[in-house]
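Engineer: predicted coordinates and the sequence they were generated for:
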Amino acid sequence: MAIVQWLEEVAPSVVFVVTAVVVLFATGHVILNKRDPRSAVGWVGIILVSPGLGAILYTLFGINRIRRRAHVLRRPGRTEEPLPGCSATENQLVSALGPSGQHLAALGKLTDKTVCRWPLVAGNLVEPLQNGDEAYPAMLSAITNATRSVALSTYIFDLDSAGIRFANALVDAQRRGVVVRILIDAVGARYSFPTMVAYLRRCGIPVARFTPTWFPGRLAYTNLRNHRKILVCDGTVGFVGGMNIRVGHCLHDHPSHPVADIHFQCEGPVVAHLMDAFTDDWFFSTREVLKGDAWFPPLSPRGTVIARGVPDGPDGDFEKIRMTLLGGLATAKRSVAILCPYFLPDQGLIAAIIVAVMRGVSVKIVVPGHNNLLLVQWAGVDTLMQLIEAGCEVRYSPPPFCHSKLVVIDEMWSFIGSSNIDPRSLRLNFELNVECYDLELGIKLMDYFEEMFRRSEPVKVESLRQRSLTIRLRDGFARLLSPYL
């Protein structure tokens with residue numbers, strides 16, 4: 001009885017002290033490590049309101065273990081020296097931009113300082129490919145013609161008719177003696193069941209999942225996804241963009257859930273940037289080092305585009321895409337065209353867009369009229385209203401769902417790749433974009449954008465203001481979640 005009485009008297013004090021220590025430690029960790037004040041305030045609030053549970057949730061979801069271990073997970077021999085290639089001189093960039101694009105040379109200087117590891121490289125060919133109807137045949141042809149290596153990284157790789165075509169091409173390539181490496185994000189791999197990971201392994205293809213998320217050991221990685229879409233064959237032909245591998249992108253096949261998108265075939269020195277990003281991710285997932293001419297052969301000029309890969313992720317490449325976007329908006333003189341499926345810019349990007357409009361820049365934005373992620377659509381309504389009131393032209397694209405990700409400034413600077421303009425892409429995911437300086441490519445992409453803009457429905461401020469109280473409360477609540485969407 002004495003022991004029980006002692007426990008009843010002492011236990012509450014012990015629990016209180018332990019809880020207080022846990023709360024202090026977790027709160028201190030948040031304050032020291034969270035760069036975004038909104039995120040820091042949110043986590044501190046959760047920890048204080050629910051001390052025990054809040055600390056556990058922060059430990060599982062709030063700590064960026066990828067960034068903390070980034071220096072360990074760099075592949076051996078990795079240096080920050082620029083990859084070999086046809087580095088573009090300032091004179092080349094100025095000459096390529098012409099008299100009406102001289103101001104964009106300042107953007108190149110900015111990305112020199114923010115991206116650091118890769119230089120602008122001249123002599124690239126960048127060819128837009130619309131939907132899986134154009135992109136998949138080109139990608140499959142590159143795999144079929146490969147003689148040394150195939151590196152493929154994607155977020156979603158469905159086990160459907162489109163995925164099987166890719167799987168068969170990869171199996172055939174390996175039988176020819178081509179070295180094949182496939183990286184699929186662990187969350188994206190689950191979009192179909194059975195998964196393509198299991199199918200490829202049965203076929204004997206070396207495949208890895210990026211940060212598996214099985215509870216409990218990997219639960220902290222559920223928000224840190226590899227959203228990059230990279231295909232490089234023989235180290236000379238590359239593909240990059242936002243297109244996953246699934247039958248929905250093949251619009252000519254009339255899929256039940258069609259998705260419009262644009263992808264890009266690249267040749268020239270910039271392909272080494274795509275390959276370098278893949279080798280980092282592959283080593284992260286498998287600890288295998290990919291090097292040598294099979295992966296990094298000498299690259300010759302193939303076109304007129306001056307380009308650079310812009311990697312982004314919650315490690316050493318933190319917010320590089322966001323900083324590049326801010327630089328582009330600050331540099332624009334005539335026009336900004338934004339095509340984005342998940343458009344939730346933070347206040348800094350919103351302010352940059354509004355300032356561009358106030359300077360006389362024409363800003364056009366196209367987002368899906370019916371988003372496949374309803375929370376994203378609801379959270380973005382007030383942002384769209386704010387931008388329209390500032391003078392932006394905003395339109396809702398019609399079906400099929402437009403998954404294209406594209407920014408074009410003054411018809412001469414194009415920003416293409418996997419990143420959306422939302423917190424998940426810009427802060428939590430591993431992404432890869434490519435900045436391109438070329439008038440001919442810019443005009444092609446503006447034609448694509450203007451066709452989408454022409455077919456889209458203007459968003460009217462009046463209709464947004466006429467939303468019912470229930471709808472406005474719903475949208476407002478979704479907006480509170482925007483830092484995590």
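Structural biologist: Ah, there it is.
Engineer: so how far is Ser414 from Leu125?
Structural biologist: Counting by CB to CB, to the nearest Å, the separation of Leu125 from Ser414 is 14 Å. Quick note: C-beta positions are derived from backbone N, CA and C, even for glycine.
Engineer: which of those two has more residues huddled nearby?
Structural biologist: Using other CB atoms under 10 Å, the more surrounded residue of Leu125 and Ser414 is Ser414, with 27 against 19.
Engineer: mind checking the SS state of the more buried one?
Structural biologist: With DSSP: H, G, I helix; E, B strand; the rest coil as the basis, Ser414 sits in strand.
Engineer: so what's it bridging to?
Structural biologist: Val408, Cys436 (DSSP bridges).
Engineer: right, and it touches Val407 too?
Structural biologist: Yes - the criterion here is CB atoms under 8 Å, and Ser414 meets it with Val407 at 7.2 Å.
Engineer: show the pLDDT at the closest residue to Ser87 other than its chain neighbours.
Structural biologist: Leaving aside its chain neighbours, Ser87 sits nearest to Pro119 (4.4 Å; criterion: CB to CB, 6 or more residues apart in numbering). Note on Pro119: pLDDT of 93.
Engineer: run a quick neighbour tally on Ala26.
Structural biologist: Using other CB under 10 Å, Ala26 has 24 neighbouring residues.
Engineer: average pLDDT for the helix or strand where it lies?
Structural biologist: Secondary structure assignment for Ala26, by DSSP states H and E: helix 2-33. Confidence for helix 2-33, expressed as mean pLDDT, is 70.
Engineer: same thing with stretch 383-398?
Structural biologist: Mean per-residue pLDDT for stretch 383-398: 97.
Engineer: and Val358, how far is that from Ala352?
Structural biologist: No Val there; residue 358 is Met. Look at Met358 and Ala352: by CB to CB, they are 11 Å apart.
Engineer: how long is stretch 308-320 end to end?
Structural biologist: By CA to CA, to the nearest Å, the extent of stretch 308-320 from end to end equals 12 Å.
Engineer: go on, stretch 239-246?
Structural biologist: 16 Å.
Engineer: looking at Met358 and Ala352, which is more packed in?
Structural biologist: Remark: of Met358 and Ala352, Ala352 carries more neighbours, 19 against 10, as counted by other CB under 10 Å.
Engineer: which residue is the nearest non-sequential neighbour of the more buried one?
Structural biologist: Ranked by CB to CB, 6+ apart and with sequence neighbours excluded, the top spatial neighbour of Ala352 is Leu329, at 4.1 Å.
Engineer: what of Pro206?
Structural biologist: In space, Pro206 is closest to Arg181, 5.5 Å off (CB to CB, 6+ apart).
Engineer: I'd say the one you found and Ala173 touch.
Structural biologist: No - Arg181 is not in contact with Ala173 according to CB under 8 Å; the separation is 11.2 Å.
Engineer: overlap of the contact sets of the two?
Structural biologist: Val150 (CB atoms under 8 Å, 6 or more residues apart in numbering).
Engineer: break this structure into its domains for me.
Structural biologist: As assigned by automatic domain parsing, the chain contains the domains 2-63, 125-303, 320-484.
Engineer: which stretch among those domains comes nearest Gln102?
Structural biologist: Of all those, it is domain 320-484 that lies closest to Gln102, at 9.9 Å by CB to CB.
Engineer: can you give me the helices in the stretch 201-350 of the chain?
Structural biologist: Remark: helices assigned in the stretch 201-350 of the chain by DSSP state H, counting those that start in this stretch are 271-286, 320-331, 347-358.
Engineer: which stretch among those helices comes nearest Val23?
Structural biologist: Closest to Val23 of these is helix 347-358 (CB to CB; 29.4 Å).
Engineer: avg pLDDT for the closest one?
Structural biologist: Mean pLDDT, helix 347-358: 97.
Engineer: what's the distance between the helix or strand that it is followed by and the middle of its chain?
Structural biologist: Next along the chain after helix 347-358, taking DSSP H and E as the criterion, comes strand 362-368. Distance of strand 362-368 from the chain centroid (CA atoms, centre = their mean, to the nearest Å) equals 19 Å.
Engineer: okay, angle between strand 362-368 and helix 347-358 too, please.
Structural biologist: Interaxial angle, strand 362-368 versus helix 347-358 (axes from the mean of the first three to the mean of the last three CA atoms, to 10 degrees): 130 degrees.
Engineer: buried residues, strand 362-368. List them.
Structural biologist: Neighbour counts using 16 or more other CB atoms under 10 Å place 363-368 of strand 362-368 among the buried residues.
Engineer: kind regards, and thank you for your time.
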